[in-house]
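Asks: okay, here's the prediction I keep looking at, along with the sequence it came from:
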Amino acid sequence: MKQSAVSPVFHALATGPQRALVSVADMREILPVAAAWVRTGRPFAIATVVGVSGSAPRPVGSSMVVSDAGAFGNVSGGCVEAAVYERCLHAVVTGAVSVESYGYSDGDALAAGLTCGGTVDVLVRPVSPHSAAAAEIALLAERDAAGHPARFRLSTAGPTCGIGTVETVDVPGRAADADEIVVEVGAPPRLILVGAVEFAVALARLGGALGHRVVVVDPRDVFANPARFPGADVVVDWPDRYLAATSLDDRTAICVLSHDPRLDVPALRVALASPADYVGAMGSRTTHDDRLHRLREAGVAEADLGRLRSPIGLDLGGSSAAETALSIIAEIVADRRGGSGARLSSLAGPIHAATREPAVVRRVASSVPASAVACASVPSPTTRP
C-alpha cells in the first residue's frame, strides 16, 4: 500500500525514541556518491527513511540517492526500491518533495510494499546543482570524511518538509521535534584493539567494514606495523597509557586480545572504569579466572567487573582468526542493538532490532572456542619507560 500523505505510523513515531539521533552509518554510505554528483553539477534526489513501524529491514535515516547515473544505497533492503527509484526520478524532473508510506497490502501482492509486514515512511527530496541542499550535502560529506562530527536536521512535514540544516556538535543541539529527524555524521563508533595479534588483523578488517574507526595499540613495534592493519590507526604504546589519555565514550568498543597479563590487566582496569559501551577480553576460562583475580587485586570494583565480556565473543563454533573476529563483532552488534544472539528461527516476534527498544546494559552468555585463544609464541613487550 502506498499513499502520498504521511501515514499515522509516521506521526506516532515522531515523538518516540526512533525520532531521536540516528546512527551515522544509516546515511553516511551515500554521502561520497552524492558529494561527487554535487561537484559535477549533476541533479539528483535523495530518499530517506523518516519513519518505521513493525518489522522493517532498514532503520530511520537509511538513504538512497538516484540520478541519471544510477542509484546507490537502499531504504528497504530491496522491498520497495523500484518504487522509490521512480519517485526519485520524478522529483528530479519536477522539483517536488514528497513523503510516501509503504506497507504490506493483502489486496495487491504485486504492489510496492514490505513483505515483512512493517511500514516505512520515505521522504524524497530533489537536490539541484548549486542549491542550498547541494551545499549541505557537500558540507556533510566533507565533515564525515574528515571525522568532524556534525548533525543534519531534516524537516519531514509541513511547509519546511524536505529542508535540512547542518549543525556542528560544538553547538548544543535541541532534541528532534515531532516533524523532523536528526542524523549524526562524522563520528563513527570506535573499535580499539589491544594487542596487534593475528586475531586483531581479522577483527580490524571486519570492524572497518562495519563502519568503525579502528585503533590498534601495542607496545611491540614489530607487530604494531601499519602495513598489517590497512585503514586502521596503529599506536605503538602501552595500552593502559593510551586508553587513559584518550577520550572514551559510549560508542567505543574495547577488545583486549593480547593474552598477556602485563598488557591485559592494566588496560582492562582503565577500560572498565571508562564509559566504553563494550569491553571484552580474549582467553580461556582458566585465563579469565586468573584475570579476574588480578583485576580484583588491582582494585577494580565488582560492578565494573560485571561489564567484562570474557571469554570474548559469541559461541559460533569457529576456530580461525576470521571466524573468531566474526564472533566478537557479532557480540558487539548484539549488545548495541539489544539482540539475544540466538537463532532467528528459534525466536518469535519482530526480526529487525529497530522495532525493539535497545537495552542500556545487555548481557549475553558467550565464549570463544578454546582453539581460538591459544597464545602464539610472540616476543615479550619491551621494558616499560
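Replies: Structure's in. What do you need? Numbers count the residues shown, from 1 in each chain.
Asks: run through the neighbouring helices and strands of the host helix or strand of residue 290.
Replies: Assigned by DSSP states H and E, residue 290 falls within helix 285-297. In terms of contacts (3 or more CB pairs under 8 Å, 6 or more residues apart in numbering; DSSP states H and E), helix 285-297 is packed against helix 261-272, helix 302-305. Where C-beta positions appear, they are placed from N, C-alpha and C, glycine not excepted.
Asks: which of those helices sits most buried?
Replies: helix 261-272 (a mean of 22; mean count of other CB atoms under 10 Å).
Asks: I'd like to know which elements that one is packed against.
Replies: strand 190-194, helix 239-245, strand 252-256, strand 278-281, helix 285-297.
Asks: CA atoms only for the helix holding residue 290, dumped as PDB, please.
Replies: Provided in PDB are the C-alpha atoms of helix 285-297 (Å, rounded to 0.1, in the frame of the first residue of the first chain):
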ATOM      1  CA  ARG A 285      38.100 -19.800  31.100                       C
ATOM      2  CA  THR A 286      41.200 -20.500  33.200                       C
ATOM      3  CA  THR A 287      42.800 -17.300  31.900                       C
ATOM      4  CA  HIS A 288      39.500 -15.500  32.700                       C
ATOM      5  CA  ASP A 289      39.500 -16.700  36.300                       C
ATOM      6  CA  ASP A 290      43.200 -15.600  36.700                       C
ATOM      7  CA  ARG A 291      42.400 -12.300  35.100                       C
ATOM      8  CA  LEU A 292      39.500 -11.600  37.400                       C
ATOM      9  CA  HIS A 293      41.800 -12.300  40.400                       C
ATOM     10  CA  ARG A 294      44.400  -9.900  39.100                       C
ATOM     11  CA  LEU A 295      41.800  -7.200  38.400                       C
ATOM     12  CA  ARG A 296      40.400  -7.500  41.900                       C
ATOM     13  CA  GLU A 297      43.900  -7.200  43.300                       C
END
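Asks: check which residues of it are buried.
Replies: Across helix 285-297, burial judged by 16 or more other CB atoms under 10 Å covers 287, 288, 291, 292, 294, 295.
Asks: could you dump those into CSV and include distance to residue 338 and pLDDT?
Replies: Below are those laid out as CSV (distance: CB to CB, whole Å; pLDDT from 0 to 100):
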residue, distance to residue 338, pLDDT
287, 29, 93
288, 25, 93
291, 27, 94
292, 26, 95
294, 32, 95
295, 27, 95
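Asks: rebuild the residues you listed as TSV, extending it with distance to residue 40.
Replies: Below are the buried residues of helix 285-297 laid out as TSV (distance: CB to CB, whole Å):
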residue	distance to residue 40
287	55
288	55
291	55
292	58
294	58
295	56
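Asks: now for those residues: which two are most distant?
Replies: Using CB to CB, these span at most 12.2 Å, a distance reached by 287 and 295.
Asks: quick one, helices of this structure?
Replies: 8-13, 25-28, 31-40, 81-94, 132-146, 198-209, 239-245, 261-272, 285-297, 302-305, 321-337 (DSSP state H).
Asks: now for these, which one comes closest to residue 183?
Replies: Proximity to residue 183 (CB to CB) singles out helix 25-28 among these, at 5.0 Å.
Asks: residues in contact with the nearest residue to residue 71 once chain neighbours are set aside?
Replies: Excluding the flanking residues, the one nearest residue 71 by CB to CB, 6 or more residues apart in numbering is residue 85, at 5.5 Å. Taking CB atoms under 8 Å, 6 or more residues apart in numbering as the criterion, residue 85 is in contact with 64, 66, 71.
Asks: for the spatially closest residue to the second one that is not a sequence neighbour, give me its contacts.
Replies: Setting aside the residues directly before and after it, residue 66 is nearest to residue 88 in space (CB to CB, 6+ apart), at 3.6 Å. Under the criterion of CB under 8 Å, 6+ apart, the contact list for residue 88 reads 44, 45, 46, 47, 64, 65, 66, 71, 124.
Asks: mind checking how far the first one is from residue 181?
Replies: This means residue 44. Per CB to CB, to the nearest Å, residue 44 is found 20 Å from residue 181.
Asks: how about CSV for the helices and strands packed on helix 285-297, with mean pLDDT and distance to residue 341 added?
Replies: Below are those laid out as CSV (pLDDT from 0 to 100; distance: least, CB to CB, whole Å):
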stretch, mean pLDDT, distance to residue 341
helix 261-272, 95, 22
helix 302-305, 95, 21
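Asks: between these, which one is closest to residue 80.
Replies: Going by CB to CB, the one of the helices and strands packed on helix 285-297 nearest residue 80 is helix 261-272, 42.3 Å.
Asks: what residues does residue 199 make contact with?
Replies: So residue 199 contacts 257, 282, 321, 324, 325, 372 (CB under 8 Å, 6+ apart).
Asks: wait, I meant residue 98
Replies: 4, 87, 91, 123, 124.
Asks: nearest to residue 251 among those residues?
Replies: Nearest to residue 251 among the contacts of residue 98, with distances taken as CB to CB, is residue 123, at 25.9 Å.
Asks: measure the nearest residue to residue 316 once chain neighbours are set aside to residue 74 for me?
Replies: Distances taken as CB to CB, 6+ apart place residue 327 nearest to residue 316, at 4.5 Å, with adjacent residues excluded. Residue 327 sits 27 Å away from residue 74, going by CB to CB.
Asks: who has more neighbours out of the two?
Replies: residue 327 (23 against 20; other CB atoms under 10 Å).
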